[in-house]
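Trainee: quick one: sequence plus predicted model below, questions after.
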Amino acid sequence: MMSLGAIADEVNGRVDGEPDFIVDSLKSMETADSRSLTYFNGRAHRHRPQTKAGAILVKAEHAALFSMHRIIVGDPHLAYARVSRLFARADRQAPGISRNAVVAKTARLGASVSIGHFSVVGHDAVIGDGARIGGGVHVGREVTIGENTVIEERAVIMDSCVIGGQCMISAGAVIGSCGFGYAQDGAKWERIEQLGRVVIGERVDVGANTTIDRGALDDTVIADGVKMDNLIQIAHNVKIGEDTAIAGCVGIAGSTRIGRRCRIGGRAAILGHLEIADDVDILANTLVSASIREPGEYASMIPAQPARIWRKNLAVLRRLGTAGRKFLNQIKPDEGEIEDGFSRTHDATAGENDG
Amino acid sequence: MMSLGAIADEVNGRVDGEPDFIVDSLKSMETADSRSLTYFNGRAHRHRPQTKAGAILVKAEHAALFSMHRIIVGDPHLAYARVSRLFARADRQAPGISRNAVVAKTARLGASVSIGHFSVVGHDAVIGDGARIGGGVHVGREVTIGENTVIEERAVIMDSCVIGGQCMISAGAVIGSCGFGYAQDGAKWERIEQLGRVVIGERVDVGANTTIDRGALDDTVIADGVKMDNLIQIAHNVKIGEDTAIAGCVGIAGSTRIGRRCRIGGRAAILGHLEIADDVDILANTLVSASIREPGEYASMIPAQPARIWRKNLAVLRRLGTAGRKFLNQIKPDEGEIEDGFSRTHDATAGENDG
Amino acid sequence: MMSLGAIADEVNGRVDGEPDFIVDSLKSMETADSRSLTYFNGRAHRHRPQTKAGAILVKAEHAALFSMHRIIVGDPHLAYARVSRLFARADRQAPGISRNAVVAKTARLGASVSIGHFSVVGHDAVIGDGARIGGGVHVGREVTIGENTVIEERAVIMDSCVIGGQCMISAGAVIGSCGFGYAQDGAKWERIEQLGRVVIGERVDVGANTTIDRGALDDTVIADGVKMDNLIQIAHNVKIGEDTAIAGCVGIAGSTRIGRRCRIGGRAAILGHLEIADDVDILANTLVSASIREPGEYASMIPAQPARIWRKNLAVLRRLGTAGRKFLNQIKPDEGEIEDGFSRTHDATAGENDG
């Protein structure tokens, strides 16, 4: 329950309507009712937008589209993000240290730390003020966790890893698992002990069941402001630059360095030992097999077609190399050798390793 | 140990042989011995099928292929499913509430509920009759779990989520993780609190380490009878219709709506904000980047070839756009603009969000 | 802190320099300092390699490139693997059985077993000498775990599964989840109880949050020396041969048999009911939809291009089937029908099952 006036203050907005009007929920335009606040970002709707909301966050230029109470803001999506915190559910966990948790005597806990049932905090771990450790969490030896960071249920933070402040490590995530590193002794694989750590900056989010491997010799490093969705795999020695966002199911192979402010679409895969520049957008389901030096959008995804059509395309695709080269040579005889873009691909098979 | 007569009763079958013949195991045709029951569905075998089984579930039309005891049924595969329950291992958990579990006083537990060691049940949670909660499970505040549902070890059910009856949530699954929602404030990502829930119907199965995000404002909804395999990612606000089956490693991005009775092959990816009709089959490893309005099979997968052949195909594929358009225009000059199928793909990069 | 002489003994090397020289860390060439040991494998560096390391593991033929102390070895990468053990962090867990663990009275524990906080060991489980069970681990009934095997935090080993000696099961892995098996009864899916086990050999590594399903009727079998990275899905009844290595995010569908010494690149997918020969290399992001009878490299991955180029390629690709066939027939009129490589692909949609 909040007044539009109070909300407008929070988002540097201006009430165009009744500042004392009370809203009791934040909803999408489709499901809002007369006591809800909603938002309109002017992108998704081709037709005149419909909503039963009692109030709306909206840009000045779209205000006339709506007849309910309005809060005029510069960026309704950003305003919505900020308002969402006002409506967030109360803290899910009672404050304090559960008496069912096991906390090493040598661990140092900041003020107002909470630790859930059946969690373990190892020797010489340091947990910052206001951090909230959920239930069933494993915090290994000599781990450092920054202020106000949230570690959700069943997450595992292996020994010696560092997590900055204001981070969110979601349920089931594993930080600091051993990288996939082997040397070959004939046909046998010999495990290489992974001596590095995972070092995570400030304001980093890690999604549910995502895994981040510790470095082989040096550290795996995730810079400030990086956001990662669920079920992502980050291999050993990877470095990810500030404010890069990575959607679900992405895999990044060992020793690759990703720049700042990159956006990596869902299910993309990036092979090992590559360098990706700042401000690179990789579209969903795309494979990156060579370093990218220039900002911009990159893709290799193939959208679905009806299977009967796709089968025909595929039948030709599978013969392009023999038939198609002749054709290409006819059309463009002067272009020299055709690049297959394949040079680095072998790095992705198992067993490649790195210092 | 069961007689063929008792088994036939269970599957509405007819014994063609000795009803008192006792079998002590259910096995595949390859590994069955003289005391085993097996089944033959008439699909997989080109040659006369071989088995040492003592008895077989078989259609009338295939009965003559076998000389051992037979149980004649209309659908041997379905009969096998039902018989599998008779041979299932006994309940893996002692009944009752472990004294090592922490159950909130305000939680309401139905009759015959069992809760394993080191599990937590939060305030105001409601657990239906006969539900079985494994060990190390987290059941958040105000969660509802239906009758006879099984929650396996280490699964996490976040606050306020709803799970129907007869469901199976496999080990390590996370239900109700925060969706990947951010607003941009310059180069910085600002987290959007995820206020919705996950609402799961009756008879839904969720595979091991699968993750289902809570809705941003509204709920993520999984309808009755949906079956999901392991390591699947379901993003916020997704809706999945009745009896849709989803194989392992699939990713479904935010706000997409999937119809009823769809079949989604392994490793498929479906981008966000799409609508998929009922009765759509999406083949394995396929990317769906636009809404699908008609039932049928859809595909974009590319089967492997020997790498030396694939490299040649790829070299041409990477130049098709320049050379190939001229060619296509020669062959079919009248067809107008060529669709690249790409219109929706940008939605899949990180950072797009939705109400 | 170790002398070069002692290290050389460990790796059958020869010190070319001062055997009493002491190193206190093992580092990559880039981050090594004057007290570090590093290694040079002669592959990654085009230019004269730079390092500040105090000592280096190197082949005789490259020794002249370096002026610091050298340990001459036949295979520096393999030597590095062995030296990594000398520098590995001390055991992360206090020895012995936590008094916060629940161990069934009928379980049999070998000598020097350690079991972490909040772990559960079920009835009739057998745990070999020197095995180390982390915290929050579930070991089901009748599970067998071999000597010196490590089960990391929060891993789940379901009832009756068998894990050999010297294995490493990483954090969050699930061994023995129920396979994705259903029979259809009209539009409804009827669950098939999964009666088999997972049987894992010696020296097998399983990555973090990887899932391996139990067999439907027979067992899922992982042979000696197999190495698996994080977030891999192995479906029911799969068999994997000795010393095969599988990179992260791979999915292998039900009943497929993989040979020995295969290398499967990251994010590859292998459909169900296939046979893959020994010594097959499958490149990253490749889909295998038909059995592979011959050793060698196989691929279907498409490396990213700038999106504006890729869109043009895609526009043509999506019409190859109609236009392209005419073209191919022109160029090669005698080749008979064009294979689309599609024959087995339907097996990958959900709902296919197997005995």
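Mentor: Done, it's in.

Trainee: what's the nearest residue to A:Gly307 if we skip its chain neighbours?
Mentor: Quick fix: residue A:307 is Ala, not Gly. B:Glu297 (3.7 Å; Cβ to Cβ, 6 or more residues apart in numbering or on different chains). C-beta: built from backbone N, CA, C; applies to glycine.

Trainee: that neighbour contacts B:Asp281, doesn't it?
Mentor: Yes. Counting by Cβ atoms under 8 Å, B:Glu297 does reach B:Asp281; the two are 4.6 Å apart.

Trainee: quickly list what's touching both of the two.
Mentor: Listed as contacting both B:Glu297 and B:Asp281 by Cβ atoms under 8 Å, 6 or more residues apart in numbering or on different chains are A:Ala307.

Trainee: in a strand, the residue nearest to A:Ala307, correct?
Mentor: Yes. Per DSSP: H, G, I helix; E, B strand; the rest coil, B:Glu297 lies within a strand segment.

Trainee: same question for stretch A:315-326, mean pLDDT?
Mentor: Mean per-residue pLDDT for stretch A:315-326: 78.

Trainee: give me every residue that touches A:Ile276.
Mentor: Residues counted as contacts of A:Ile276 (Cβ under 8 Å, 6+ apart) are A:Thr256, A:Arg257, A:Ile258, A:Gly259, A:Cys262, A:Ile270, A:Ile282, A:Val288, A:Ser291, A:Ile292.

Trainee: identify the farthest-apart pair in the residues you listed.
Mentor: A:Arg257 and A:Ile282 (14.1 Å; Cβ to Cβ).

Trainee: pick out whichever of those two has more residues nearby.
Mentor: A:Ile282 (30 against 17; other Cβ atoms under 10 Å in any protein chain shown).

Trainee: dump the residue contacts of the more buried one.
Mentor: Residues in contact with A:Ile282 (Cβ under 8 Å, 6+ apart) are A:262-265, A:268, A:270, A:276, A:288, A:297-299, B:349, C:304.

Trainee: for A:Ile240, which residues make a bridge with it?
Mentor: A:Ile222, A:Ile258 (DSSP bridges).

Trainee: wait, isn't it in contact with A:Val221?
Mentor: Yes. With contact defined as Cβ under 8 Å, A:Ile240 counts as touching A:Val221 (7.2 Å).

Trainee: these two: which is more packed in?
Mentor: Neighbour tally, A:Ile240 and A:Val221, criterion other Cβ under 10 Å: the higher count belongs to A:Ile240, 27 against 20.

Trainee: returning to that earlier point: closest to B:Ile252 out of the contacts of A:Ile276?
Mentor: A:Ile282 (19.2 Å).

Trainee: ok so, going back, among the contacts of A:Ile276, name the ones in strands.
Mentor: Judged by DSSP state E, strands contain the following of the contacts of A:Ile276: A:Arg257, A:Ile258, A:Ile270, A:Ile282, A:Val288.

Trainee: count of neighbours near the residue in the stretch 151-300 of chain A positioned nearest to chain B?
Mentor: Per Cβ to the nearest Cβ, A:Ala284 is where the stretch 151-300 of chain A lies closest to chain B, at 3.1 Å. Using other Cβ under 10 Å, A:Ala284 has 30 neighbouring residues.

Trainee: quick one: secondary structure of it?
Mentor: coil.

Trainee: below-threshold pLDDT in chain A: ranges please.
Mentor: Applying pLDDT under 70 to chain A flags residues A:43-48, A:90-94, A:323-355.

Trainee: could you redo the last one with a cut-off of 90?
Mentor: Residues of chain A meeting the criterion pLDDT under 90: A:1, A:41-50, A:87-95, A:179, A:186-187, A:315-316, A:318-355.

Trainee: domain map for it?
Mentor: As assigned by automatic domain parsing, chain A contains the domains A:2-91, A:96-298.

Trainee: now do the end-to-end distance for the longest one.
Mentor: This means domain A:96-298. Chord length of domain A:96-298, first to last residue, is 48 Å (Cα to Cα, to the nearest Å).

Trainee: which ones are touching A:Ala253?
Mentor: A:Ala253 neighbours (Cβ under 8 Å, 6+ apart): A:235, A:238, A:269-273, A:347-348, C:247-248, C:266, C:284.

Trainee: what about the residue in chain A positioned nearest to chain C, which SS state?
Mentor: At 2.6 Å from chain C, A:Lys312 is the closest residue in chain A, using Cβ to the nearest Cβ. Secondary structure, three-state DSSP: A:Lys312 is helix.

Trainee: burial measure for the nearest residue to A:Thr322 once chain neighbours are set aside, as a count.
Mentor: Of all residues not flanking A:Thr322 in the chain, B:Lys312 sits nearest, at 6.7 Å (Cβ to Cβ, 6+ apart). For B:Lys312, the neighbour count with other Cβ under 10 Å is 19.

Trainee: what sits against A:Val15?
Mentor: By Cβ under 8 Å, 6+ apart, the contact list for A:Val15 reads A:Leu4, A:Gly5, A:Ala8, A:His69, A:Arg70, A:Ile71, A:Ile72.

Trainee: go again with 6 Å.
Mentor: By Cβ atoms under 6 Å, 6 or more residues apart in numbering or on different chains, the contact set of A:Val15 is A:Leu4, A:Gly5, A:Ala8, A:Ile71.

Trainee: before we move on, what about A:Thr106?
Mentor: A:Thr106 sits in contact with A:His123, A:Asp124, where contact means Cβ under 6 Å, 6+ apart.

Trainee: what about A:Leu4, distance to chain B?
Mentor: 18 Å (Cβ to the nearest Cβ, to the nearest Å).

Trainee: what's the local residue count around that residue?
Mentor: The tally of other residues near A:Leu4 (other Cβ under 10 Å) stands at 24.

Trainee: is it true that it touches A:Pro19?
Mentor: Yes. Counting by Cβ atoms under 6 Å, A:Leu4 touches A:Pro19, with 5.4 Å between them.

Trainee: that older thread, just give me the closest of the ones in strands among the contacts of A:Ile276 to C:Ala155.
Mentor: A:Ile270 (27.3 Å).

Trainee: bridged to that closest one, which residues?
Mentor: Bridge pairing for A:Ile270 (DSSP bridges) gives the partners A:Ile252, A:Val288.

Trainee: show me what contacts it?
Mentor: Contacts of A:Ile270 by Cβ under 6 Å, 6+ apart are A:Ile252, A:Thr256, A:Val288.

Trainee: ranking the residues you listed by neighbours, who comes first?
Mentor: Highest neighbour count within those, by other Cβ under 10 Å: A:Ile252, with 29 neighbours.

Trainee: got the contact list for it?
Mentor: Residues near A:Ile252 by Cβ under 6 Å, 6+ apart: A:Ile234, A:Val238, A:Ile270.

Trainee: dump those to JSON lines, plus distance to A:Ala81.
Mentor: Output for these, formatted as JSON lines (distance: Cβ to Cβ, whole Å):
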{"residue": "A:Ile234", "distance to A:Ala81": "25"}
{"residue": "A:Val238", "distance to A:Ala81": "28"}
{"residue": "A:Ile270", "distance to A:Ala81": "28"}
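
Trainee: which residues of the stretch 51-200 of chain A fall in helices?
Mentor: A:76-87 (DSSP state H, counting those that start in this stretch).
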